[in-house]
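K.L.:
any chance you can model this:
(chains A and B)
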Amino acid sequence: MIHMIKKHKNLLNYSFDCIKRYRMRTAVILITFLVATTMISAVLFTKDGLEREAELSVEAAPDLTLQYLKGGRIELIPYSYADVVSDIPGVEKVLKRTWGYAGVGQYTFVVVGLDPEGLGYSRGVITSLEEGRFLTPEDEGTGNIVIGKLLAYMLNVRVGDDIILLSESVEVNKFHVVGVFSDASSIYTADMIVMSLSDADSFFSMPEGYCTDLCVYVSPAEDPVSVASKMNSIPNLRVLDQDLLLRGYKAAYGARGGIFTTLWTILLVAIVLIAFSQAIVVGHESQFEVGLLKTFGFSTLDIIEVRLVESLVLGFFATSLGMLLGFSYAAFFNAPGLVDILLGWAYLPREFRLPVYASLQSIFSIYAVTVIPLLITTVVPAWLNAITDPELAMRRAAA
Amino acid sequence: MMRRMIVLPLLAIIFTAALISVALYSEVHWWGREHDRAIREVLGFPSIAVGTNYEGTRNPLLEIFVRSLYDVPGGYDYIVSSSFIDTPVRLREYREHIPGFNFTAVKG
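P.N.:
Just a heads-up that it's a prediction; the model follows:
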């Protein structure tokens, strides 16, 4: 037993010495793996973060969102639909929502008008404000608003200030800021201007008795999908459930991440080729060495063990360091350069940080596509060398 | 001499352990993330504020996909399509997994 441990310890030391001796191969593998894993991990972790954020939003969204379709296009939904849907068994609450977009400077902001009935409907306490307070039912029609950090930063406004927004119908609308959302919630609220339903109706010049969509909350004991199926016969109604939204957003972020993943796959193939060519070169250089080792009594398995340990050390060192750098690059510096590819035409407000999620699944995936190919590309040439007759190997190397 | 030889293997172990720690922290952080859930429940939007500077960003589901085909026969919105590696029509997810995404005309 002691003899075995001693043997493996010596093989280990010999492997570490080889890493130092074959400097060129070590440097090539370290640099290429480091660059590749840094880039791919930054993208994968950001993609996972965006997906998770979307997931959290969908989980917190109403059980069903109802839209009115006319000629396949979304139009305003009449208030009367809220009464019809309320009567369906299993429906707990139906809230009206008016929302749309408003251009301020070069950015587009989301103006949301909330039903006063829904302001106390949350299951938790709203703690996402940096200063001021959230809206209450008493704010209905008062012009009081809560804004995201992006708008607060752009217009340099604070709680207590008044702001004037120009609507689509070229009317001047004055609002009073009663709250500013916090940095921590910026991924969700950066572009928001939240006001009461009647203020939003007035801002968008909505026709009487119409809103943008309806939010339906189903009783906890009921299945939202079966409640949704009872709405099939209501004309012009489009019902979106949480599962549908979740799959939609996952597909969208997944496809965006796909661009970079494809580019990286090409890069990975190049890396494997580099690693393989280095292994061949080293394999050729070490032919004499392998012949000598075998003459001294090393078995084929011993030689493979030496190369295996070398590859594991190099692979884990470069890949782990690369992923740590990728994580820091995305989490602390917002991944400049890469984020533009990931978000396409989307922009990232200065006010929030990229959501970065270093999931165990992504980390093991990266290990699987870097360390395993490296092991194969180094162990196979080593095995080919090791099974050659030692005398022949030394003669070939000397020739 | 021996000490210098084990620097790289030692660092490999340290970096791997550090990475696993970061991953575990990240997993715990994301699964326990509740601080802005209440505001998401009140506003009810399923999307996040990664703005695209064009309308449709926050609309539940529809625009995020349909804008990629645009509302003109034969039209194609390059804003969204530029974000995809492939045309959405050819992506299986859009045809089979998202019932809300309805194609009225599919070749073949």
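K.L.:
give me the phi and psi angles of the closest residue to A:Lys174 other than its chain neighbours.
P.N.:
Residue nearest to A:Lys174 in three dimensions, not counting chain neighbours: A:Ile164, with 5.3 Å by C-beta to C-beta, 6 or more residues apart in numbering or on different chains. The C-beta positions use only the backbone N, C-alpha and C, and glycine is treated the same way. A:Ile164 has phi and psi values of phi -120, psi 120 when expressed as degrees, to the nearest 10.
K.L.:
and for A:Ile164, the neighbour number?
P.N.:
A:Ile164 has 9 neighbours, counted by other C-beta atoms under 10 Å in any protein chain shown.
K.L.:
lowest-confidence helix or strand of chain B?
P.N.:
Least confident helix or strand of chain B, by mean pLDDT, DSSP states H and E, is helix B:78-81 with a mean of 36.
K.L.:
could you do chain A as well?
P.N.:
Going by mean pLDDT, DSSP H and E, chain A bottoms out at helix A:338-343, a mean of 63.
K.L.:
remind me which residues of the stretch 51-200 of chain A are low pLDDT?
P.N.:
Low-confidence segments of the stretch 51-200 of chain A (pLDDT under 70): A:72, A:120-127.
K.L.:
quick one, helices of it?
P.N.:
Counting by DSSP state H, counting those that start in this stretch, the stretch 51-200 of chain A has helices at residues A:80-86, A:149-155, A:186-189, A:197-203.
K.L.:
any chance of these in TSV, with mean neighbour count and distance to chain B too?
P.N.:
Below are the helices of the stretch 51-200 of chain A laid out as TSV (neighbours: other C-beta atoms under 10 Å in any protein chain shown; distance: least, C-beta to the nearest C-beta, whole Å):
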stretch	mean neighbour count	distance to chain B
helix A:80-86	15	14
helix A:149-155	21	8
helix A:186-189	26	5
helix A:197-203	22	12
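K.L.:
residues near the residue lying closest to A:Leu155 once chain neighbours are set aside, how many?
P.N.:
Excluding its sequence neighbours, the residue lying closest to A:Leu155 (C-beta to C-beta, 6+ apart) is A:Ile163, at 6.0 Å. Using other C-beta under 10 Å, A:Ile163 has 17 neighbouring residues.
K.L.:
how near is A:Ile163 to A:Ala200?
P.N.:
Distance from A:Ile163 to A:Ala200, counting by C-beta to C-beta, to the nearest Å: 15 Å.
K.L.:
swap in A:Ala27?
P.N.:
A:Ala27 sits 61 Å away from A:Ala200, going by C-beta to C-beta.
K.L.:
ok, now A:Leu76?
P.N.:
A:Leu76 is 12 Å from A:Ala200, by C-beta to C-beta.
K.L.:
do the helix or strand hosting A:Thr46 and chain B meet at all?
P.N.:
Taking DSSP states H and E as the criterion, A:Thr46 maps to helix A:23-60. Yes - using C-beta under 8 Å from any C-beta of the partner chain, helix A:23-60 reaches chain B at A:50, A:52-54, A:56-58, A:60.
K.L.:
by neighbours, which of those residues wins?
P.N.:
Highest count within the residues of helix A:23-60 next to chain B by other C-beta under 10 Å belongs to A:Leu50, 27 neighbours.
K.L.:
my read is that it contacts A:Pro355, right?
P.N.:
Yes - taking C-beta atoms under 8 Å as the definition, A:Leu50 is a contact partner of A:Pro355 at 6.0 Å.
K.L.:
ok, and for the one helix or strand A:Ser365 maps to, which residues are buried?
P.N.:
Assigned by DSSP H and E, A:Ser365 falls within helix A:360-386. By neighbour count with 16 or more other C-beta atoms under 10 Å in any protein chain shown, helix A:360-386 contains the buried residues A:362-363, A:366-367, A:369-371, A:373-375, A:377-382, A:385-386.
K.L.:
hang on, isn't A:Gly143 packed against A:Asp199?
P.N.:
Yes - using C-beta under 8 Å, A:Gly143 is in contact with A:Asp199, at 5.9 Å.
K.L.:
before we move on, the earlier item: when you check chain B, which of the buried residues of helix A:360-386 turn up near it?
P.N.:
A:Ile363.
K.L.:
show the average pLDDT along stretch A:379-396.
P.N.:
Mean per-residue pLDDT for stretch A:379-396: 76.
K.L.:
helix/strand/coil for the nearest residue to A:Ala61 once chain neighbours are set aside?
P.N.:
In space, and not counting its chain neighbours, A:Ala61 is closest to B:Pro46: 4.5 Å by C-beta to C-beta, 6+ apart. Following DSSP: H, G, I helix; E, B strand; the rest coil, B:Pro46 is assigned to coil.
K.L.:
ok, then the element right after the biggest helix by length in chain B?
P.N.:
When chain B is scanned for its longest helix (criterion: DSSP state H), the result is helix B:7-31. Sequence-wise, the next helix or strand downstream of helix B:7-31 (DSSP H and E) is helix B:37-43.
K.L.:
that next one near chain A at all?
P.N.:
Yes - contact of helix B:37-43 with chain A (C-beta under 8 Å from any C-beta) involves B:37-43.
K.L.:
pLDDT added to the residues you listed, as TSV?
P.N.:
Shown next, in TSV, are those (pLDDT from 0 to 100):
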residue	pLDDT
B:Arg37	80
B:Ala38	82
B:Ile39	83
B:Arg40	83
B:Glu41	82
B:Val42	83
B:Leu43	84
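K.L.:
switch these over to a markdown table; also include neighbour count.
P.N.:
Below are these laid out as a markdown table (neighbours: other C-beta atoms under 10 Å in any protein chain shown):
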| residue | neighbour count |
| --- | --- |
| B:Arg37 | 21 |
| B:Ala38 | 19 |
| B:Ile39 | 24 |
| B:Arg40 | 25 |
| B:Glu41 | 21 |
| B:Val42 | 24 |
| B:Leu43 | 24 |
